[in-house]
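S.K.: Prediction below, plus the sequence it came from.
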Amino acid sequence: MDSLYNYISSHPGQSYSVIDGIFHYPTGTLRYYLDTLERSGKIRKDMHSGRAYYYKAGTTVPGYDGPPLTESERRVWETVASNPGVSQKGLMVLTRSSRMSLKYRLNKMIEKEVIYRRKEGRHVAYYHMQPEEMAYLSELKVIMNAFLDGELTESQYRRKKRRLRGKFGI
């Protein structure tokens, strides 16, 4: 069980299936070990899209505090974070990924609002979301949904949006 804890500590955000593929414990044994570690407060489990992701208690991916990422998404996020404005071709080389699998991962990460893409001339550049940008988008969604649900008039929506931009310095 110590080797399982050490693995989760050094590889935060791993899914159950990845851990299972590495340790090859019988299913019941692996679940028991993970539950025991979670109950003891050594690890925590996050559920996202029906999948369990495991972290050392009190930690996430270093420098990242968003939705859980798969190992391959984490590798792409770290690459984008350390190379802002990188192109898809550059990411293919840096992450050693095929074009289609990288495109799939990038689209999933854009959906999760972890990264964003910006067209720069004829090229597309990828950037990671700063915590402030993630917070801004989160609050903007609340305001937009209130407007779309008819809870705000158009002038109230614009006023709240302007205040929000001022709050975040945008």
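M.R.: In hand now; what should we look at?
S.K.: Break the protein into its domains for me.
M.R.: Residue ranges for the domains of the chain, per automatic domain parsing: 2-56, 71-128, 132-168.
S.K.: Output the ones you listed in a markdown table; the columns should cover mean neighbour count and mean pLDDT.
M.R.: C-betas here are computed from N, CA, C, even on glycine. As requested, the domains of the chain are arranged in a markdown table below (neighbours: other C-beta atoms under 10 Å; pLDDT from 0 to 100):
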| stretch | mean neighbour count | mean pLDDT |
| --- | --- | --- |
| domain 2-56 | 15 | 84 |
| domain 71-128 | 16 | 88 |
| domain 132-168 | 13 | 85 |
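S.K.: after the longest helix along the chain comes which helix or strand?
M.R.: Selection of the longest helix in the chain by residue count, based on DSSP state H, yields helix 131-148. The C-terminal neighbour of helix 131-148 among helices and strands, as given by DSSP states H and E, is helix 154-168.
S.K.: Are there helices or strands packed against that next one, and which ones?
M.R.: Helix 154-168 sits against helix 131-148, with contacts defined as 3 or more C-beta pairs under 8 Å, 6 or more residues apart in numbering; DSSP states H and E.
S.K.: Phi first, then psi, for residue 97.
M.R.: phi -110, psi 150 (degrees, to the nearest 10).
S.K.: my guess is it meets residue 91, correct?
M.R.: Yes - the criterion here is C-beta atoms under 8 Å, and residue 97 meets it with residue 91 at 7.2 Å.
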